[in-house]
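Student: here is my input; please provide its structure:
(one chain, ligands or ions: 1)
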Amino acid sequence: MQAIKKDIRALTKEQLRTFFEAHGDKAFRGNQVYEWLWGKAAHSFDEMTNISKETRQMLEDNFVINNIRVDQMQRSNDGTIKNAVRLHDDLIVESVLIPTPTRTTACVSSQVGCSLDCKFCATAKLKRMRNLNPDEIYDQVVAIDNESRLYFDRPLSNIVFMGMGEPLMNYNNVLAAIDKITSPEGLGMSPRRITVSTSGVPKMIKKMADTEVKFKLAVSLHSAIDEVRTSIMPFNATFPLADLREALEYWYGKTKSRITYEYVVWKGINDTRNDVDALVKFCKFAPSKVNLIEYNPIGDEVFKQADNRAIEMYQQILERNGITVTVRRSRGKDIDAACGQLANKS
Ligand code: SAH
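Tutor: Model (predicted):
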């Protein structure tokens with residue numbers, strides 16, 4: 001029987017150094033291999049040209065490199081690219097490259113499917129779920145960085161954790177991936193260019209604050225009224241707005257980093273003056289801004305984008321109260337690459 005080989009990228013640099021020492025080699029070899037695995041994102045041991053053939057064979061005998069594979073790449077009329085990414089166990093997640101004249105943003109997944117059940121999100125309809133490993137998250141970023149260089153002649157500039165999954169339900173792996181993305185041995189990106197988006201898990205928001213992370217936080221709020229929020233995001237019954245609010249105040253106290261609220265306005269759900277007033281009140285607990293997102297239909301009749309009049313009302317009242325508000329138009333809609341549309345349909 002053949003032993004199951006371990007994924008070499010589950011090892012820390014220290015563990016790699018120890019492995020080489022235990023095999024009668026120099027610990028430094030561990031640094032070289034680590035550099036190949038992360039800095040150069042090698043897909044095979046054969047690429048490691050400064051490592052001897054025998055050592056490469058020894059690695060081959062002991063480990064695998066579970067790289068992701070971009071199975072299918074779709075390009076939208078607006079330049080957006082969606083990757084269907086095949087994992088080593090044949091599950092698929094999606095990630096998106098969003099170009100603008102000044103930046104390229106990668107929207108990456110943190111789970112296969114999602115732990116939550118937001119009624120308006122296509123990903124929530126997927127049954128199967130597992131967490132992505134740090135290297136599977138990192139690889140999505142590397143793939144998009146390569147595409148950005150190839151198609152837009154510039155490196156990736158920003159990352160948002162707004163693909164499939166709830167990042168804070170896969171906290172350790174998301175943080176480990178961000179560590180690699182920001183470390184000089186990985187991609188060396190500034191954490192200020194990374195945004196983690198969450199539906200709002202209070203305990204984890206506090207934990208992030210305690211860790212004094214340097215990336216930005218976005219919260220998918222969609223309503224500041226418990227009854228309404230629970231009807232569209234049922235887990236709000238477990239993590240009600242009062243707890244979320246307390247965690248966000250804690251976050252701001254520790255990090256002094258402004259929070260972005262993502263918010264879709266739907267017809268007949270959250271399009272009244274009462275809804276706006278509740279949002280204004282919620283925004284005053286900690287410095288924040290509101291991102292009004294266009295709704296991307298997922299093929300059911302319940303959710304419909306509110307009229308422009310309702311969106312303008314939101315904009316005016318928020319601004320009148322000194323709250324920064326942006327209205328974000330969807331990108332990549334024609335290839336189901338927009339927010340909430342990722343569901344492995346390609
Ligand atoms: N679980 C995380 C990240 C994934 S969702 C979170 O909830 O933040 C990324 C963003 O897309 C969230 O703000 C989510 O509320 C929003 N979204 C989900 N479905 C959508 C849809 N059909 N149209 C527009 N935005 C949607």
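
Student: do you know the pLDDT at the nearest residue to Asp78 once chain neighbours are set aside?
Tutor: Spatial nearest neighbour of Asp78, chain neighbours left out: Arg331 (5.6 Å); criterion: C-beta to C-beta, 6 or more residues apart in numbering. For every residue, glycine as well, the C-beta is placed using N, CA and C. Model confidence at Arg331, given as pLDDT, is 79.

Student: Asn66 too?
Tutor: For Asn66, pLDDT reads 85.

Student: so which residues of the stretch 151-300 of the chain form strands?
Tutor: When secondary structure is read from DSSP state E, counting those that start in this stretch, the stretch 151-300 of the chain shows strands at 158-161, 194-198, 216-220, 259-264, 288-293.

Student: nearest to Tyr151, out of those strands?
Tutor: Proximity to Tyr151 (C-beta to C-beta) singles out strand 158-161 among these, at 16.3 Å.

Student: returning to what we had before: just checking, the residue nearest to Asp78 touches Ile98?
Tutor: Yes. The pair Arg331 and Ile98 passes the contact test of C-beta atoms under 8 Å, sitting 5.2 Å apart.

Student: nearest to the ligand: which residue in this protein?
Tutor: Nearest to the ligand in the chain, going by C-beta to the nearest ligand atom, is Gly340, at a distance of 1.9 Å.

Student: out of everything not next to it in sequence, what's closest to that residue?
Tutor: In space, Gly340 is closest to Cys121, 4.4 Å off (C-beta to C-beta, 6+ apart).

Student: on the pLDDT front, check the one you found for me.
Tutor: Cys121 is given a pLDDT of 92.

Student: phi, psi for it please.
Tutor: Phi and psi for Cys121, reported as degrees, to the nearest 10, are phi -110, psi 130.

Student: what do you get for Cys107?
Tutor: phi -110, psi 110.

Student: on that earlier part again, which residues do Arg331 and Ile98 both contact?
Tutor: Both Arg331 and Ile98 are in contact with Thr80, where contact means C-beta atoms under 8 Å, 6 or more residues apart in numbering.

Student: got the contact list for Gln305?
Tutor: Counted by C-beta under 8 Å, 6+ apart, Gln305 has contacts 264-267, 294-295, 297.

Student: beta partners for it?
Tutor: Assessed by DSSP bridges, Gln305 has beta-bridge partners Trp266.

Student: returning to that earlier point: in JSON lines: the strands of the stretch 151-300 of the chain, plus mean neighbour count, mean pLDDT and distance to Asp139.
Tutor: JSON lines is the format used below for the strands of the stretch 151-300 of the chain (neighbours: other C-beta atoms under 10 Å; pLDDT from 0 to 100; distance: least, C-beta to C-beta, whole Å):
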{"stretch": "strand 158-161", "mean neighbour count": "23", "mean pLDDT": "98", "distance to Asp139": "13"}
{"stretch": "strand 194-198", "mean neighbour count": "22", "mean pLDDT": "98", "distance to Asp139": "16"}
{"stretch": "strand 216-220", "mean neighbour count": "21", "mean pLDDT": "98", "distance to Asp139": "22"}
{"stretch": "strand 259-264", "mean neighbour count": "22", "mean pLDDT": "98", "distance to Asp139": "26"}
{"stretch": "strand 288-293", "mean neighbour count": "20", "mean pLDDT": "96", "distance to Asp139": "27"}
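
Student: can I get those in TSV including distance to the ligand?
Tutor: Converted to TSV, the strands of the stretch 151-300 of the chain look like this (distance: least, C-beta to the nearest ligand atom, whole Å):
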stretch	distance to the ligand
strand 158-161	6
strand 194-198	4
strand 216-220	3
strand 259-264	4
strand 288-293	5
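
Student: quick check: which of those is nearest to Glu136?
Tutor: Across these, closest to Glu136 is strand 158-161 (C-beta to C-beta), at 13.1 Å.

Student: that older thread, in three-state terms, label the residue of the chain closest to the ligand for me.
Tutor: Put simply, Gly340 is coil when judged by DSSP: H, G, I helix; E, B strand; the rest coil.

Student: for it, what are phi and psi?
Tutor: The phi/psi pair for Gly340 (degrees, to the nearest 10) is phi 80, psi 0.

Student: quick one: residues contacting the nearest residue to Arg245 once chain neighbours are set aside.
Tutor: Once flanking residues are discounted, Arg245 sits nearest to Phe285: 5.2 Å by C-beta to C-beta, 6+ apart. Neighbouring residues of Phe285 by C-beta under 8 Å, 6+ apart: 245, 248-249.

Student: dump the residues you listed into JSON lines; add pLDDT as well.
Tutor: Below are these laid out as JSON lines (pLDDT from 0 to 100):
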{"residue": "Arg245", "pLDDT": "98"}
{"residue": "Leu248", "pLDDT": "98"}
{"residue": "Glu249", "pLDDT": "97"}
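
Student: okay, these in TSV with distance to the ligand and neighbour count next?
Tutor: Output for the contacts of Phe285, formatted as TSV (distance: C-beta to the nearest ligand atom, whole Å; neighbours: other C-beta atoms under 10 Å):
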residue	distance to the ligand	neighbour count
Arg245	17	17
Leu248	14	25
Glu249	19	14
